[in-house]
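Student: sharing a model prediction with you, sequence too.
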Amino acid sequence: MRPPLIRMGSGLVALALLAGAPSAVAMEAGGLSVAVTNAMGQAASPQAIAEYRRKLKEYEAARAAFEREAGAYWTSITEKRRGRNAKRRERRPITLDDYVLTQPPAYTGPKQPVSPLPEEEKPPRERRPIPVVADFLKAAAEHFQFAPQRPAAEVDFKRAYARYALAAGLTREQAVRVYAFETGGNGNHDMQSGLSTSRPGSRAISTAVGYNQLLTTNTMVLMAEQGNELIKSLTAKAAALLGPSRQAMEHKLAVLKKMVAFSRSVSGEWSAQEKLASTPQGWGVHAMVLDIDVGPMLQTHKLLTSVHFARTKGHTRPLTAAELEMMNLTGDGTGLDMVTMPQAMREQVPTANFFQRGGYERNPVVSRHNTVAKLLAITDERMDVNSGKPGAKELAAAF
């Protein structure tokens, strides 16, 4: 996309300088202040403005040529993807010819020149606030009259996760290595993406929470798709309890049923669930990720749905943790495209084939490690390193 041009009429130059100057620019008796006089003297010369316009024209021409090349490249990526999808529906084999085998074009032209004229001050772009754990808890209390049961110690949550994950069919290697990759090897059940106690002033960069970093929309989709299984498991737990413990579990079960019904009030499409997830009620549903009974089930099903998807598509070989992470990161259909690829093809196929242009350009990992083989290798490498950290070791021991 062409960057915005700097537009500023010559009549605004002195005004902009005045707006940006300190209070000392007040009019002095009998004429202008020294500060204003100096500022006006520093105004760009006609020669400087002409040179800037010349360079700007060169830059715009080079950038336009690049955009035409890049546009054609990413159009071919989309067309190849459609072709692969059609072949899969018809159960025809996928070959190298079904991928774009060149890397995305890189802009190598002149840089955008800096205007010699002072820039017009613009109000800072308003940043949309991202809800955090405290907001999820508040929403759960307000809309569902519920507070998730938090673990007395982090290891208790890990043990609950390990028990459910193993029983559901995840392997220790899959669970621990994905946890190590997603959390850096030391994440707690309430870890939110971007926030860190070791970095004062850090900000949330998404609503992703927990061992497998579930977004609010992930939670809504899982509630809609796996709601019956979640309710069945919690019902069995309640039946095994007595007294106040059973009453508390039955209340949790009643809340879970309401949340499942809420998630099913719209279609199961990601876009519909995303809208629901962005409401205060959706935030309240997301708080269930923190509950020691329901949270481990949600974390497990986030990965298990990918495992089951691969099996339904005929991929019988167990997924490695790195392959599972690819499906976790890019979506099941796109991830399976990489997972089912023979090693020889992985060495040749660029990662650009599996992303939209914007997502690719914003992700330095996939653009730097620019083939499927390289991307899987760096994922494995980070899993190796982070699996040696205390949190990952504690989760491994829980299995």
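Tutor: Done, it's in. Numbering: from 1, shown residues only.
Student: which residues in the stretch 151-300 of the chain form helices?
Tutor: For the stretch 151-300 of the chain, the helices defined by DSSP state H, counting those that start in this stretch cover 154-168, 172-183, 216-239, 243-263, 270-277, 280-286, 295-312.
Student: so which elements touch the longest one?
Tutor: What it means is helix 216-239. helix 243-263, helix 270-277, helix 280-286, helix 295-312 (3 or more C-beta pairs under 8 Å, 6 or more residues apart in numbering; DSSP states H and E). To be clear about C-beta, it is placed using only N, CA and C from the backbone, and glycine gets the same treatment.
Student: pLDDT on it, on average?
Tutor: With pLDDT averaged residue by residue, helix 216-239 scores 96.
Student: do the same with the fifth one
Tutor: Averaging the model's pLDDT scores along helix 270-277 yields 95.
Student: one more: the first one?
Tutor: The average pLDDT for helix 154-168 rounds to 96.
Student: picking that back up, of the helices and strands packed on helix 216-239, which is nearest residue 92?
Tutor: helix 295-312 (18.3 Å; C-beta to C-beta).
Student: what's the closest one in contact with?
Tutor: Residues lying outside helix 295-312 but in contact with it, judged by C-beta atoms under 8 Å, 6 or more residues apart in numbering, are 148, 157, 160-161, 163-165, 168-170, 174-175, 178, 189, 210-212, 214, 218-219, 222, 225-226, 229-230, 233, 288-289, 319, 324, 327-328, 332, 335-336, 339.
Student: before we move on, the earlier item: and the helices of the stretch 151-300 of the chain: which comes nearest residue 108?
Tutor: Using C-beta to C-beta, the nearest of the helices of the stretch 151-300 of the chain to residue 108 is helix 172-183, at 33.6 Å.
Student: got the angle between that closest one and helix 154-168?
Tutor: Taking axes from the mean of the first three to the mean of the last three C-alpha atoms, to 10 degrees, one finds helix 172-183 and helix 154-168 inclined to each other by 130 degrees.
Student: use 525 as the first number from now on
Tutor: All right, first residue 525 from here; so that's helix 696-707.
Student: can you tell me what sits against helix 696-707?
Tutor: So helix 696-707 is contacted by 685-686, 689-690, 709, 711, 715, 735-737, 824, 827, 831, 843-846, 848-849, 852, 903, 906-907, 910-911, 913, 915-916, 919-920, 923 (C-beta under 8 Å, 6+ apart).
Student: buried ones only from these, please, as a PyMOL command.
Tutor: Provided next is the PyMOL selection string for whichever of the contacts of helix 696-707 are buried by 16 or more other C-beta atoms under 10 Å:
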select buried, resi 685+686+689+709+711+715+735+736+737+824+827+831+843+844+845+846+848+849+852+903+906+907+910+911+915+916+919+920+923
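Student: next, count neighbours for residue 757.
Tutor: 19 (other C-beta atoms under 10 Å).
Student: which of the helices and strands packed on helix 740-763 sits most buried?
Tutor: The highest average neighbour count among the helices and strands packed on helix 740-763, using mean count of other C-beta atoms under 10 Å, belongs to helix 804-810 at a mean of 24.
Student: what packs against that one?
Tutor: Packed against helix 804-810, as judged by 3+ C-beta pairs under 8 Å, 6+ apart, are the following elements: helix 657-668, helix 740-763, helix 767-787, helix 794-801.
Student: to residue 589, which of these lies closest?
Tutor: The closest of these to residue 589 is helix 794-801. By C-beta to C-beta, the value is 35.0 Å.
Student: quick one: the closest one to helix 740-763, angle?
Tutor: Between helix 794-801 and helix 740-763, the angle comes out at 70 degrees (the same axes, to 10 degrees).
Student: tell me what angle helix 794-801 forms with helix 767-787.
Tutor: 130 degrees.
Student: show me what helix 794-801 is in contact with.
Tutor: 731, 739-741, 743-745, 748, 786-787, 789-790, 806-807, 809-810.
Student: do you know how far residue 659 is from residue 828?
Tutor: 28 Å (C-beta to C-beta, to the nearest Å).
Student: follow-up on the earlier one: the helices of the stretch 675-824 of the chain: which one's closest to residue 898?
Tutor: Nearest of the helices of the stretch 675-824 of the chain (C-beta to C-beta): helix 696-707, 15.8 Å.
Student: off-centre distance for the closest one?
Tutor: Centroid separation between helix 696-707 and its chain, computed with C-alpha atoms, centre = their mean, to the nearest Å, is 17 Å.
Student: what residues sit buried inside it?
Tutor: For helix 696-707, by 16+ other C-beta under 10 Å, it's 697-707.
Student: residue 866: how many residues sit nearby?
Tutor: 9.
Student: surely residue 810 and residue 733 touch.
Tutor: Yes - here residue 810 lies in contact with residue 733, judged by C-beta atoms under 8 Å, at a distance of 7.1 Å.
Student: residue 597: which element?
Tutor: Assessed by DSSP states H and E, residue 597 sits inside helix 570-613.
Student: which other helices and strands contact that helix?
Tutor: helix 881-886.
Student: give me the number of residues near the nearest residue to residue 880 once chain neighbours are set aside?
Tutor: Computed as C-beta to C-beta, 6 or more residues apart in numbering, the closest residue to residue 880 that is not its neighbour in sequence is residue 598, at 8.0 Å. Counted with other C-beta under 10 Å, residues neighbouring residue 598 total 20.
Student: ditto for residue 749
Tutor: Neighbour tally, residue 749, other C-beta under 10 Å: 17.
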